[in-house]
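> Pasted the sequence and its predicted model underneath.
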Amino acid sequence: MSEVEMTTSKPLVIDCRQVTRTYDQGPEKLTIFSDISLEVSAGETVAIVGSSGAGKTTLLNLLGGLDRPSSGQIHICGEDIHRLSEAGRARFRNGHLGFVYQFHHLLPEFTALENVMMPCALGGQSLAVARQKAEKLLDRVGLGKRLKHKPSELSGGERQRVAIARALVNEPQCVLMDEPTGNLDEHTGEGIRALIEDLREQSGIAFVMVTHDMRMARSLGRVLRLEQGRLVQEA
């Protein structure tokens with residue numbers, strides 16, 4: 001393995017410089033990771049792997065503006081997101097980033113269509129525009145005939161496809177994914193992997209994925225390992 005290589009052939013979506021995250025643990029400080037730097041270009045897929053407790057989800061939360069670094073800078077699409085107010089970061093996330101988690105976090109009382117429309121509505125778009133965009137994306141992920149189904153009426157793979165459509169509906173520059181296939185069987189997970197690859201190739205969106213699945217990680221693109229507070233590139 002080697003130190004993480006920087007890539008500048010395409011516009012940078014993520015530019016993370018010397019980021020450290022520590023937590024107070026009684027009288028001492030617990031260092032999760034230290035001086036991590038990372039660049040992710042438009043259209044690139046990066047998988048972050050590592051043992052449980054290595055800090056992978058913490059890093060993803062920092063990249064998404066859901067947590068603050070103890071030191072260092074994180075620029076997303078040229079914006080130093082941690083200089084924004086909490087409300088400013090929320091608006092920025094909704095407009096520039098998409099999120100997909102191991103558990104889909106769909107709202108159970110709403111249909112697939114309504115769940116995908118939600119980020120548009122939160123961003124102030126009209127219901128007509130939100131509906132049009134959501135319908136198009138659900139059709140694109142193979143759920144054009146399941147628009148009116150609620151999450152309880154969908155399979156695990158279908159729910160994750162709805163979550164991916166929701167992450168894409170505001171046309172983000174980057175989608176952050178935390179174990180998106182971790183709760184799925186191998187066959188269904190392979191379908192999600194193929195969908196992600198197809199979406200990346202067609203849209204130019206960058207995907208950053210935390211995963212324990214090395215087969216998936218290696219099939220998607222650059223693989224980085226977070227261990228002992230350092231981020232290194234797999235050989």
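Good, I have the coordinates. Worth saying up front: this structure is predicted, and the values here are computed from it rather than measured.

> which ones are touching the residue nearest to the spatial centre of the chain?
In the chain, the centroid-proximal residue (CA atoms, centre = their mean) is Leu176; its distance is 0.9 Å. Contact analysis of Leu176 by CB atoms under 8 Å, 6 or more residues apart in numbering lists 60, 63-64, 97-100, 208-209. Placement of C-beta: from N, CA and C, glycine included.

> For Glu186, give its distance to Phe207.
20 Å (CB to CB, to the nearest Å).

> Which members of the contacts of Leu176 are positioned in strands?
Among these, the ones falling in strands (DSSP state E) are 97-100, 208-209.

> on that earlier part again, highest neighbour count among the contacts of Leu176?
When those are compared by neighbour count (other CB atoms under 10 Å), Met209 ends up highest, at 27 neighbours.

> Tell me the buried residues in stretch 137-153?
When burial is assessed from 16 or more other CB atoms under 10 Å, stretch 137-153 yields the following buried residues: 137-138, 140-141, 143, 146-147, 149-151.

> a markdown table for the contacts of Leu176, including pLDDT and distance to Pro119?
Output for the contacts of Leu176, formatted as a markdown table (pLDDT from 0 to 100; distance: CB to CB, whole Å):
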| residue | pLDDT | distance to Pro119 |
| --- | --- | --- |
| Leu60 | 90 | 18 |
| Leu63 | 91 | 18 |
| Gly64 | 89 | 14 |
| Leu97 | 90 | 10 |
| Gly98 | 89 | 8 |
| Phe99 | 89 | 10 |
| Val100 | 88 | 12 |
| Val208 | 92 | 18 |
| Met209 | 90 | 20 |
